[in-house]
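Student: got a sequence here, can you build the structure:
(chains A and B)
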2 protein chains.
Amino acid sequence: MNSILDLKDSMGFIAAFLTTTAFVPQAYHSWKTRDLSGISFPMYSLFTLGVAAWLIYGLMIDSLPVIVANAITLILSAVVLGLKIKQIKQLDQK
Amino acid sequence: MNSILDLKDSMGFIAAFLTTTAFVPQAYHSWKTRDLSGISFPMYSLFTLGVAAWLIYGLMIDSLPVIVANAITLILSAVVLGLKIKQIKQLDQK
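Tutor: Numbering: from 1, shown residues only, chains lettered A, B, ... in the order given. Prediction:
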């Protein structure tokens, strides 16, 4: 049932807002400084894959908070992972 | 509907496994080394609150993957947050 005051969705969006907000500074720091030394490639790959899986799960169970939170996080973590891959390739060439 | 081959739950548990696994090394590192310099207190507080909110949301929408993933992550992040608070208090006393 859709209602403006849907309690479940409200809780979901509070959760989505909090965990996504907490993730932004790390992605911003990686983007801004290009310092990716603190990023572990295997762990970040697992995380990005996991976020993609959560997004698919959110679409399957039709949960808008799960979809929104993981869509935003997937974009951010894919950018960081891309920078990390670029860095690894550059180090390999040296 | 419950079925051993419930596709939604399978996807959810894959997601839960991946993101929780990716989070464990960071918590383990913080616990083992007690080096919490890379942990931002405001961001980690937001994150821990967010995980608690996801757990409540999971209970509200009856999603076992969301419940399991966030229960495990909440325990881990609460431990790290506790260590960080302890460290801040010790620094305050100096």
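
Student: when you work out contacts or count neighbours from here on, use the C-alpha atoms and nothing else.
Tutor: Will do.

Student: tell me which residue lies nearest the centroid of chain A.
Tutor: residue A:73 (2.2 Å; C-alpha atoms, centre = their mean).

Student: determine the longest helix present in chain A.
Tutor: helix A:64-93 (DSSP state H).

Student: buried sites along it?
Tutor: Buried residues in helix A:64-93, defined by neighbour count with 16 or more other C-alpha atoms under 10 Å in any protein chain shown: A:64-71, A:73-74, A:76-78, A:80-81, A:83-84, A:87.

Student: low-confidence stretches in chain A?
Tutor: Along chain A, the model assigns pLDDT under 70 to residues A:1-5.

Student: which helix or strand contains residue A:14?
Tutor: Assessed by DSSP states H and E, residue A:14 sits inside helix A:7-33.

Student: can that helix be said to contact chain B?
Tutor: Yes - against chain B, helix A:7-33 shows contacts by C-alpha under 8 Å from any C-alpha of the partner chain at A:8-9, A:11-12, A:14-19, A:21-23.

Student: farthest-apart pair in those residues, please.
Tutor: Spatial extent of those (C-alpha to C-alpha) is set by the pair A:8 and A:23 at 22.7 Å.

Student: what is the longest helix of chain A packed up against?
Tutor: helix A:7-33, helix A:41-61 (3 or more C-alpha pairs under 8 Å, 6 or more residues apart in numbering or on different chains; DSSP states H and E).

Student: that older thread, check the gap between the residue nearest to the centre of chain A and chain B for me.
Tutor: Using C-alpha to the nearest C-alpha, to the nearest Å, one gets 12 Å for the distance from residue A:73 to chain B.
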